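Undergrad: 3D model of this:
(2 chains)
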Amino acid sequence: MKTALITLLIAPLLGALYQIVFGNRSPRRLAEVVSCAVILVSFVMATVAFFLPGQQETIVLGHWITVDTFSATMDIHCDSLAAIMALMVTFVSLLITIYSVSYMSHDHDYARYFAYLNLFVFFMLVIVLADNLLFLFLGWEGVGFCSYALIGFRYEALANARAGRKAFLLTRIGDIGLGIAISLFFVTCHTLSITAINAQATSLSAGAAMTLGFLLLWSATGKSAQLPLLVWLPDAMAGPTPVSALIHAATMVTAGVYLLIRLFPVISQAPEVLLAIASVGTATALFAACAAMVQRDIKRVLAYSTISQVGYMFLAIGVGDIIGSMFHLLTHAFFKSLLFLSAGAVIHALHDERDITKMGESVRRHLPAVFIVFLAGSLALGGVPPAAGFFSKGRILLATLQHGGMAYKAIWVCATFTALLTTLYTFRLFFMVFTGKPAVPRKSGIRAVPQLMEWVLWPLALFALFAGFLNLPHLQAGGGWLAGYLAGTPGAVADLHATPSLEWAVENGDSLLALGGLILAYFLYGPKNILGWRTLDASARKATTWLFSGFGLDRLYEIFWVTPYEKISQFLWHTVDETFLDQGLLRVTNLFPLLANTLQGFSSGILSTSIKMLLFGFAAFLIFLAV
Amino acid sequence: MIVSYGEVLGLAVCLFFMGMICVATRRNLIMILIGVEIMLNASGIAFVGAALRWRSLDGQAFVLFLMAVAAAEVAVGLALIVYAHRHTGTINGDKYNLMKG
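TA: Next comes the predicted model:
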């Protein structure tokens, strides 16, 4: 178990080091094989850790900082939550790394790419396994860095470099929150170990728990692209598609959710924080779903839907159902990375065309396999039974409905409406990409997709369709496996204790909602273009442009944050620095020649004067001593 | 002691000031050097007087050293003056203004 965990963590790091040192010197094939092999090793070890009995293992890898009573140890703690998360991360990473081999086959800078990709997996696993908050913070910042480096991977285009910088800076704002929270944890709990903190969570004062909860929420909104820090994620689509699939859909953006789940015993001490988390999640889910309705870039639709789905995970935490959150996190990782990877295949086949209004039936005819897996992903994302999304989203909605309080009822209504929107935009995307005539004629032709790219989609499609069976509702026999597996997690509620009739009603309601959305999408955007919205989208109108730009949130940031910041910087630069400081220093330096010129007169060089001065000085000294 | 210690000191002070005035007012380098010698000897007188006053030979021993130093100083000083005269053709101290800032 111990060896397995250490190997699991270290293998990707070694892979990254290999790529950095030998990547460009070794044969290309070897570099590709090594990058996949290390992830495969990690995946095998994660499987071992997952199935081995005797979980709850803590291993101290080393001491990082020890000062007085403060100590940051590099220790990893593996419980059922970390094991299942590590398994998911390594599984998705493995498939995406294999996909990347094919995706990057024409790029000469492959060593840098694989180095970052492996390094990312290492840092992500640090987040998953770390027991010490400071060690977790190391991984937290590490994935941020890798995300930055990979978004701007093709930095020759200025837009890509800008997108990377934007993502880096915005997530930094969230990280400040985590930094403060860590310091506060040390002050209040005198330890940074997550297990120790969770053990003494109940003894926290109400104020401390609330402050810590809000700080954790703050840090999670940055990393997980929730309101108000979500604007970086749509722009992050500038990165290569496998990167979007891995970092900006499956793993890194869910790190915030994972952090909240890990520290749930602390958060659950403050009901205000839970309500805030639920509200932020629901608002973000609704907001992003609306924005996704009108996007024309295939990857941006998926980016907004990621934001929306992560919002659901927040909502689940807010209603105290961390198993539901984790369940949705897992299913989302599968179906969203599947959708991203198949979108990548479509983009690849269409010579980097991302505009869905230029796609249509021809895509389906040329890429039948991609069509099928994309359909599987859409069913899962849209929550159509019995695909994965139906069960995980259903559990969250049920938990919300069961939660008392008027505020939660309103949240439930919003979340249910968002579920309808989700189905709608998912199938809008599906119909526009794969069916009917393109609204706008496309110039580029279609080329075949490499076999390897298609192969890795199949296991993901399988999971997207059937991952829901991991945790079937209790109505079905053998349901709730995941809930049972995660029951030991601090703060987890395995069984929602819903009455069968309520559960039945919610399940049927969700199914009807999803089917309704599907039918509506067919009428609005279907191949026959019955209501004509399909072609409507091609021309930009006022309302859609507003939604298109994500409610103008970027513009708001521009007005209220970037512009004042630039103004202040200009002021500090030109007025304070150049005029005040530089000129002031210049004046001061001008004093010295003046002083020197004055003193020059005294050194006449006449010997008798010097002697007289010497004697006078000596006399004055003696007088001073005598008096 | 026939002559009192105060009178010895008075003589030493007079000599010292005379030497000092000589150093301060004369331009001739040789005269300045002589002034310095006079000042040195003034301090020598004060030492001898003090040796007698406290019946200790230390002061007189010191004077022997002083004489040796004075002799060496005069030798070096005169040699320097000769050298300077050969180079500049003058022994007027104020003509040397190489130290002007």
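
Undergrad: mind checking the SS state of the closest residue in space to residue B:60 that isn't next to it in sequence?
TA: Spatially, and ignoring its direct neighbours in sequence, residue B:60 is nearest to residue B:51 (4.7 Å; CB to CB, 6 or more residues apart in numbering or on different chains). Placement of C-beta: from N, CA and C, glycine included. Of the three states, residue B:51 takes helix according to DSSP: H, G, I helix; E, B strand; the rest coil.

Undergrad: show me what contacts residue B:51?
TA: B:57, B:58, B:59, B:60, B:63 (CB atoms under 8 Å, 6 or more residues apart in numbering or on different chains).

Undergrad: And for the second one, the neighbour number?
TA: So the one you mean is residue B:58. By the criterion of other CB atoms under 10 Å in any protein chain shown, residue B:58 has 11 neighbours.

Undergrad: likewise the last one?
TA: Other residues near residue B:63 number 18, with proximity taken as other CB under 10 Å.

Undergrad: what's the spacing between it and residue B:43?
TA: Taking CB to CB, to the nearest Å as the measure, residue B:63 falls 9 Å from residue B:43.

Undergrad: Sketch out the low-pLDDT regions of chain B for me.
TA: The model of chain B has pLDDT under 70 over residues B:1, B:101.

Undergrad: Which positions in it make contact with chain A?
TA: B:20, B:23-25, B:27, B:32, B:93-94, B:96-101 (CB under 8 Å from any CB of the partner chain).

Undergrad: would you turn those residues into a markdown table with distance to residue A:21, neighbour count and secondary structure?
TA: Formatted as a markdown table, the residues of chain B next to chain A follow (distance: CB to CB, whole Å; neighbours: other CB atoms under 10 Å in any protein chain shown; DSSP: H, G, I helix; E, B strand; the rest coil):
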| residue | distance to residue A:21 | neighbour count | secondary structure |
| --- | --- | --- | --- |
| B:20 | 80 | 20 | helix |
| B:23 | 78 | 21 | helix |
| B:24 | 79 | 16 | helix |
| B:25 | 83 | 13 | helix |
| B:27 | 80 | 15 | coil |
| B:32 | 78 | 23 | helix |
| B:93 | 75 | 20 | helix |
| B:94 | 76 | 13 | helix |
| B:96 | 71 | 16 | coil |
| B:97 | 70 | 10 | coil |
| B:98 | 65 | 6 | coil |
| B:99 | 65 | 11 | coil |
| B:100 | 66 | 10 | coil |
| B:101 | 62 | 10 | coil |
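
Undergrad: Can you give me the domain assignment for chain A?
TA: In terms of domains, chain A is parsed into A:308-541, A:555-626 (source: automatic domain parsing).

Undergrad: Could I get the average pLDDT for the longest one?
TA: It stands for domain A:308-541. The pLDDT scores in domain A:308-541 average 83.

Undergrad: residue contacts, the spatially closest residue to residue B:38 that is not a sequence neighbour?
TA: Residue nearest to residue B:38 in three dimensions, not counting chain neighbours: residue B:19, with 3.3 Å by CB to CB, 6+ apart. Applying CB under 8 Å, 6+ apart, we find residue B:19 in contact with B:35, B:36, B:37, B:38, B:39, B:40, B:41, B:42.

Undergrad: got it, and residue A:437?
TA: Neighbours of residue A:437 in contact, by CB under 8 Å, 6+ apart: A:360, A:361.

Undergrad: how about it, secondary structure?
TA: Secondary structure of residue A:437, reduced to three states by three-state DSSP: coil.

Undergrad: Take the residues of chain B next to chain A and write them to a markdown table, including distance to residue A:106.
TA: As requested, the residues of chain B next to chain A are exported to a markdown table (distance: CB to CB, whole Å):
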| residue | distance to residue A:106 |
| --- | --- |
| B:20 | 96 |
| B:23 | 94 |
| B:24 | 94 |
| B:25 | 97 |
| B:27 | 94 |
| B:32 | 93 |
| B:93 | 89 |
| B:94 | 89 |
| B:96 | 84 |
| B:97 | 82 |
| B:98 | 78 |
| B:99 | 78 |
| B:100 | 78 |
| B:101 | 74 |
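
Undergrad: quick check, nearest of the residues you listed to residue A:42?
TA: Residue A:42 lies nearest to residue B:101 out of these, by CB to CB, at 75.9 Å.

Undergrad: on that earlier part again, identify, from the residues of chain B next to chain A, the entry nearest to residue A:43.
TA: residue B:101 (80.7 Å).

Undergrad: in the helix or strand harbouring residue B:59, what counts as buried?
TA: Assigned by DSSP states H and E, residue B:59 belongs to helix B:58-88. Burial within helix B:58-88, assessed by neighbour count using 16 or more other CB atoms under 10 Å in any protein chain shown, is assigned to B:59, B:62, B:63, B:66, B:70, B:77, B:81, B:84.

Undergrad: tell me which of the residues you listed is nearest to chain A?
TA: Among the buried residues of helix B:58-88, residue B:84 lies closest to chain A (CB to the nearest CB), at 11.3 Å.

Undergrad: Return the member of the contacts of residue B:51 nearest to residue A:394.
TA: Residue A:394 has its nearest neighbour among these in residue B:58, at 110.8 Å by CB to CB.

Undergrad: how close does that closest one get to chain A?
TA: Using CB to the nearest CB, to the nearest Å, one obtains 23 Å as the distance from residue B:58 to chain A.

Undergrad: what about the residue nearest to that residue when sequence neighbours are not counted, distance to residue B:7?
TA: If the residues on either side of it in the chain are set aside, residue B:58 comes closest to residue B:51, at 6.7 Å by CB to CB, 6+ apart. To residue B:7, residue B:51 is 15 Å away according to CB to CB.

Undergrad: for residue A:204, what are its contacts?
TA: Contacts for residue A:204 (CB under 8 Å, 6+ apart) come out as A:188, A:189, A:212, A:266, A:269.

Undergrad: Quick check: it vs residue A:275, distance?
TA: Taken as CB to CB, the span from residue A:204 to residue A:275 is 18 Å.

Undergrad: What parts of chain A come near chain B?
TA: Neighbours of chain B within chain A, by CB under 8 Å from any CB: A:599-600, A:602-608, A:610-612, A:615.

Undergrad: Please repeat the previous calculation with a cut-off of 7 Å.
TA: Within chain A, the positions adjacent to chain B are A:600, A:603, A:604, A:605, A:606, A:607, A:608, A:611, A:612, A:615 by CB under 7 Å from any CB of the partner chain.

Undergrad: looking at it, the last one is touching residue B:24, isn't it?
TA: Yes: in terms of CB atoms under 7 Å, residue A:615 counts as a neighbour of residue B:24; the distance is 6.1 Å.

Undergrad: rewinding a little: just how off-centre is the helix holding residue B:59 within its chain?
TA: Mean C-alpha position of helix B:58-88 versus that of the full chain (CA atoms, centre = their mean, to the nearest Å) differs by 9 Å.

Undergrad: now for it, which elements pack on it?
TA: Contacting helix B:58-88 under the criterion 3 or more CB pairs under 7 Å, 6 or more residues apart in numbering or on different chains; DSSP states H and E are the following elements: helix B:29-54.

Undergrad: Buried residues of the helix it packs on, list them for me.
TA: By neighbour count on 16+ other CB under 10 Å, the buried set for helix B:29-54 is B:29, B:32-42, B:44-51.

Undergrad: That helix: how far from the chain's middle?
TA: Mean-position distance between helix B:29-54 and its chain equals 6 Å (CA atoms, centre = their mean).

Undergrad: again, but for stretch A:61-76
TA: 27 Å.
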